[in-house]
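> need a structure here:
(one chain, ligands or ions: 1)
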Amino acid sequence: MSTASPLIIALDYASLDAALCMADRLDPSRCRLKVGKELFTRSGPDILEALHGRGFEVFLDLKFHDIPNTVAGAVQAAAEQGVWMVNVHAGGGRRMMEAARERLDHHGLSTHLIAVTVLTSMEAEDLAEVGVSAPPAEQVERLAVLARDSGMHGVVCSAQEASRLNTLCGDDFLKVTPGIRPSFAVAGDQRRVMAPAEAMAAGSTHLVVGRPVTQAEDPMAALAAIEAELAAG
Ligand SMILES: O=c1ccn([C@@H]2O[C@H](COP(=O)(O)O)[C@@H](O)[C@H]2O)c(=O)[nH]1
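Numbering: from 1, shown residues only. Okay, here's the model as predicted:
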């Protein structure tokens, strides 16, 4: 089932059972689900089949980053398992992204392919330590333009950069933004954060929310509170 909701709930769990316990409390008309490195490494493709069987659209967030041929194969494998969205690291460069997009096109696969720009857990000091002297916003812009020019359907960025990317890359270019922190949640390891309604107003197309829902005492109440924040605008 497709949903009009921008919410993507990150199922960062250590087992298939724990992830499905949460999925069974959620409704595919209210959100999409994200499967990341921990859950996929533990459960493998079974989790995708189980979530698809429950009617959810799934973002497989494995952030592929390797040589072009390897990434193209991995993206094809993900798309052939029916995921709604898959991602690569923009830092893998133009040839890597182009190879991934060409592989999807060659096989007629319509999975959304997006690229991670700068992780939302990173701030200027973190970038400096890995040799990037540009501030995060500038580095995000550089990688988003490269991603667009390399055939990506959008990027992962923080909501703080969404407005600028709308101007640079257009409204149709997907801006998938983790680091979403509703009023009741702590930032934790995230650094470039924004509240849900502000993120939508800034131009995010999709909001990734993990722990504020999955680690809440009452996850369904937390989700309802986020939906209320969004409705209030
Ligand atoms: O830049 C990025 C890219 C991916 N993520 C992922 O999103 C969720 C966020 O979870 P929270 O618990 O809401 O912080 C998580 O799965 C990350 O792997 C990101 O946070 N930032």
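> Please count neighbours and contacts with C-alpha atoms only from this point.
Fine.
> And the helices in this structure?
Counting by DSSP state H, one finds helices in the chain at the ranges 16-23, 37-43, 46-53, 68-80, 94-106, 124-129, 136-149, 162-169, 196-202, 211-214, 219-232.
> closest one to the ligand among those?
Evaluated over the helices of the chain, closeness to the ligand peaks at helix 211-214, with 3.7 Å, by CA to the nearest ligand atom.
> And Ala137, how close does it get to Glu123?
10 Å (CA to CA, to the nearest Å).
> quick one, which of the two is more surrounded?
Ala137 (20 against 16; other CA atoms under 10 Å).
> what's the longest strand in the protein?
strand 58-64 (DSSP state E).
> near the ligand, which residues of this protein show up?
Neighbours of the ligand within the chain, by CA under 6 Å from any ligand atom: 10, 12, 36, 118-120, 157, 178-179, 208-211.
> which of these tops the neighbour count?
Busiest of the residues of the chain next to the ligand [other CA under 10 Å] is Cys157, holding 29 neighbours.
> And the pLDDT at the nearest residue to that residue once chain neighbours are set aside?
Nearest non-adjacent residue to Cys157, counting by CA to CA, 6 or more residues apart in numbering: Thr177, 5.3 Å away. On pLDDT, Thr177 comes in at 98.
> In this structure Thr177 contacts Val156, no?
Yes: if you go by CA atoms under 8 Å, Thr177 and Val156 touch, sitting 5.7 Å apart.
> Looking at these two, which is more packed in?
Neighbour count, other CA under 10 Å: between Thr177 and Val156, Thr177 has more, with 32 against 29.
> Contacts only, for the more buried one.
Val156, Cys157, Ser158, Ala159, Ala199, Ser204, Thr205, His206, Leu207, Val208 (CA atoms under 8 Å, 6 or more residues apart in numbering).
> Residues in a beta bridge with it, which ones?
Note on Thr177: beta-bridge partners by DSSP bridges are Leu207.
> In stretch 215-233, which residues are buried?
For stretch 215-233, burial by neighbour count (16 or more other CA atoms under 10 Å) applies to Pro219, Ala222, Leu223, Ala225, Ile226, Glu227, Glu229, Leu230.
> Dump the helices of the chain to TSV, plus mean pLDDT.
Shown next, in TSV, are the helices of the chain (pLDDT from 0 to 100):
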stretch	mean pLDDT
helix 16-23	98
helix 37-43	98
helix 46-53	98
helix 68-80	98
helix 94-106	98
helix 124-129	98
helix 136-149	98
helix 162-169	97
helix 196-202	98
helix 211-214	98
helix 219-232	96
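> which parts of stretch 19-39 are buried?
In stretch 19-39, counting by 16+ other CA under 10 Å, buried: 19-20, 22-23, 26, 28, 30-37, 39.
> which ones are touching Gln190?
Thr120, Ser121, Met122, Gly179.
> no no, Gly233
Applying CA under 8 Å, 6+ apart, the residues near Gly233 are Ala197, Glu198, Ala201.
> What distance do you get for the second one to Val118?
Looking back up the chat, that one is Glu198. In terms of CA to CA, Glu198 sits 20 Å off from Val118.
> Many thanks, we can stop here.
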